[in-house]
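Peer 1: Here you go, sequence then predicted model.
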Amino acid sequence: MPGLSGFSSPPYASVLAGLALGGLAFSSALKADDTPNPHVGLHLSKRSRTKAVTPTVHSQQTRPAHSPDWGVLNAANGAASGFGAITGFGQVRWSEDWSDIVNTPPEQRRNDWFNRLKYIRLNESGSIWLSLNAEERLRYIYENQPMMGTAGKTNANRVLLRNLYGADLHLGAHIRAYAEFLYGVAGGSNTYGYQTGVQRERLDLQQGILEVKGNLLGAKAGVIGGRQVFLDTPVFMQSARDLTNAQQTWDGFRGYAIWKRFRLDLFDFMQTNKLPDAVFGDGTNYSARMYGAMTSTALPAFTAMGKKSQLFADVFYIGYLYSGSPAAMPTTRGTQTGSSRRDNVGMRLWGNIASFSTSLSGVFQGGQFRPDQESQPTRAVRAYAVNASVLYSRPDLLAKPSAGLQADLFSGGSYKSRDGAVGTFASPYFPLPYYNDVTLSVTSQNLIGVGPLATLALQKNLHFRLHVPFFWRESTQDAVYGTGRIYSWRNGLSGGFIGAIPQTQLAWNFAPHWTWTHDIASFIASRSMRTAGAKSDAFYMQTLEFKF
């Protein structure tokens, strides 16, 4: 693909003009999604193909196609169940249930050749069956000054190819095994970040789980063990890291129980180590652990402004144990290494009130930071985050417009302190990039962000999104943080305003199984940031994806 030579210098006018052409690199806090979800309304058969919808959280109590029946917890395209959204395809492919295809008339199943791979009987009764899936994704990324000019490269052109193939084996009603294999290729010019193991990946096991499930105490319950993508956390804290070829996966166990209006999810994971450069070489990163419990309660339904409304209350505890560079703390002259434990206790109220989709989250983060130097004292952690969004939707109008506002606050501390409590909110496990910043220039630490967002269905298979957040440091005594890095600007940085990151996206489902997506964004640095050494950046990403 071409290198967009017109972006050789910071083209603010071009990027801002692109807002009229692209669609937003944005996914609202109300969806546990790590992609802009271009597959809304895209299904494998003509029977199941539906009109496109905007990414709101209006309660959808009807069972989405190819999804387990979770009752009222089928809201938000099934994401309320804790297994990610299902809109034809699932965010995690093992969350799909293709047993419903047996009830489709044969002439309709034949409309799509790939339907024959979704439900393969392995015995006469059909109690043992296999479902196959695949994804081929070609992605091109251009960045003028990546990571505010600190990546060591300019005019970076990256080409990424991801090959994912999975098999879902059901052994009766109570046992299921799933295996997913990944091969990732990366090239381009002036590239960076390929040494991390998340872009170039030789053939390896991306996911491999064994699930045992059944009915327990009136709930649909189960235990899932093995390597897996995990989405049952707030998107501003952890995500599947889908911008890269290799998604973030975890090695461990989760247990779930889903009643009629309440669910419980318990989990204990170690992060998968993607660094080994060998066939089937990925192991377990024992220095990065995530564990905890998530609960969700469907509050009594009600009527507001003449429309059905539904709210959910989530209460959770999420623990982090991590060390190395993700745990480093900024100082006046560099960073202080060590290890950290973070105890996140929070609550989220979300759902729809009439035509408004709303979300309000609050998290208190305790724990401790233990420096590597024995002479330095262990420091307590006292941090917090508050996140809110509201989106007004009119699906009855032409283009089904939605518009609203998103606001976030992630607490900061002081890089001048070496013995007081740590006030910087930590997000070591890759927050959802589409939530706030697809360029990865900033992340959910020492940050205040606020900005409008909007979506349009230009056609039933053509979707537009816009998000224009403005960012400030929550504490001017703390550093500026990017995804996986602490910027070096300290004493030379004045004021709290960081800049703005207008982001757009245009997603086109131009044929069954195919999606072509364009993301256009720009980091526009504030005057104080430019004086300190930061550079503005132009970002363009084009993605061609085939899925079945």
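Peer 2: Arrived safely, thanks for sending.
Peer 1: The stretch 301-450 of the chain: helices as residue ranges?
Peer 2: Ranges of helices within the stretch 301-450 of the chain are 433-436, based on DSSP state H, counting those that start in this stretch.
Peer 1: That should have said the chain, apologies.
Peer 2: Ranges of helices in the chain, per DSSP state H, are 12-17, 106-109, 433-436, 527-532.
Peer 1: is residue 189 in a bridge, and if so with what?
Peer 2: Per DSSP bridges, the residues bridged to residue 189 are residue 157.
Peer 1: again, but for residue 128
Peer 2: Note on residue 128: beta-bridge partners residue 171, judged by DSSP bridges.
Peer 1: Kindly provide the distance from the spatially closest residue to residue 304 that is not a sequence neighbour to residue 305.
Peer 2: Nearest residue to residue 304, sequence neighbours excluded (CB to CB, 6 or more residues apart in numbering): residue 354, at 4.4 Å. C-beta coordinates here come from the backbone N, C-alpha and C atoms, glycine included. Here the criterion is CB to CB, to the nearest Å. By it, residue 354 lies 4 Å from residue 305.
Peer 1: Residue 371 too?
Peer 2: Computed as CB to CB, the residue 371 to residue 305 distance reads 55 Å.
Peer 1: swap in residue 112?
Peer 2: 40 Å.
Peer 1: out of these two, which sits in the busier spot?
Peer 2: Applying other CB atoms under 10 Å to residue 112 and residue 305 shows that residue 112 carries more neighbours, namely 20 against 9.
Peer 1: Correct me if wrong: the more buried one contacts residue 104.
Peer 2: No - the criterion here is CB atoms under 8 Å, and residue 112 misses it with residue 104 at 10.2 Å.
Peer 1: list the contacts for the residue nearest to residue 311 when sequence neighbours are not counted?
Peer 2: The spatially closest residue to residue 311, leaving aside those adjacent along the chain, is residue 351, at 3.8 Å (CB to CB, 6+ apart). By CB atoms under 8 Å, 6 or more residues apart in numbering, the contact list for residue 351 reads 57, 59, 75, 299, 309-312, 357-358.
Peer 1: With residue 162 instead?
Peer 2: By CB under 8 Å, 6+ apart, residue 162 lies in contact with 135-137, 139, 182-184, 245.
Peer 1: By neighbours, which of those residues wins?
Peer 2: That'd be residue 245 among the contacts of residue 162, by other CB under 10 Å, with 25 neighbours.
Peer 1: pretty sure that residue is touching residue 182, no?
Peer 2: Yes - look at residue 245 against residue 182 with CB under 8 Å: they come within range, at 7.5 Å.
Peer 1: which residues do these two both contact?
Peer 2: 162, 201.
Peer 1: and residue 375, what pLDDT?
Peer 2: pLDDT for residue 375: 86.
Peer 1: Residue 48 too?
Peer 2: On the pLDDT scale, residue 48 gets 34.
Peer 1: who does residue 403 bridge with?
Peer 2: Beta-bridge pairing of residue 403 under DSSP bridges involves residue 392, residue 454.
Peer 1: I'd assumed residue 394 was in contact with it.
Peer 2: No - Residue 403 is beyond contact range of residue 394, at 9.0 Å (criterion: CB under 8 Å).
Peer 1: hang on, the earlier thing: can you say which of the helices of the chain is packed in most?
Peer 2: Burial of the helices of the chain is given as mean neighbour count (mean count of other CB atoms under 10 Å); helix 433-436 ranks first at a mean of 28.
Peer 1: now that one: mean pLDDT?
Peer 2: Averaging pLDDT along helix 433-436 gives 93.
Peer 1: Output it in CSV with nothing but the alpha carbons.
Peer 2: Output in CSV follows, covering the C-alpha atoms of helix 433-436 (Å, rounded to 0.1, in the frame of the first residue of the first chain):
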residue,chain,number,x,y,z
PRO,A,433,-7.6,2.4,22.4
TYR,A,434,-10.8,3.2,20.7
TYR,A,435,-12.2,4.4,24.1
ASN,A,436,-10.1,7.5,24.1
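Peer 1: Remind me what that helix packs against, helices and strands.
Peer 2: Helices and strands touching helix 433-436, by 3 or more CB pairs under 8 Å, 6 or more residues apart in numbering; DSSP states H and E: there are none.
Peer 1: so how far is that helix from its chain's centroid?
Peer 2: Its chain's average C-alpha position is 7 Å from that of helix 433-436, according to CA atoms, centre = their mean, to the nearest Å.
Peer 1: My read is that residue 136 contacts residue 515, right?
Peer 2: No - using CB under 8 Å, residue 136 is not in contact with residue 515, being 11.4 Å away.
Peer 1: Now do the shared contacts for the two.
Peer 2: 545, 547.
Peer 1: Can you give me the neighbour number for residue 124?
Peer 2: For residue 124, the neighbour count with other CB under 10 Å is 7.
Peer 1: so what's the backbone phi/psi at it?
Peer 2: Reported as degrees, to the nearest 10, the phi and psi values for residue 124 are phi -70, psi -40.
Peer 1: Please tell me how far it sits from residue 132.
Peer 2: 20 Å.
Peer 1: Could you do residue 406 as well?
Peer 2: 38 Å.
Peer 1: between the two, who's got more neighbours?
Peer 2: Neighbours per residue (other CB under 10 Å) separate residue 406 from residue 132, with residue 406 holding more: 24 against 17.
Peer 1: residue contacts, that one?
Peer 2: Residue 406 neighbours (CB under 8 Å, 6+ apart): 28-29, 388-389, 449-453, 467, 469.
Peer 1: What's the local residue count around the residue nearest to residue 304?
Peer 2: The local packing of residue 354 (other CB under 10 Å) involves 15 other residues.
Peer 1: was I right about it contacting residue 302?
Peer 2: No - between residue 354 and residue 302 there is no contact under CB under 8 Å: 10.0 Å.
Peer 1: residue boundaries of the strands in the stretch 51-200 of the chain?
Peer 2: For the stretch 51-200 of the chain, the strands defined by DSSP state E, counting those that start in this stretch cover 86-87, 89-90, 120-121, 128-143, 156-171, 175-189.
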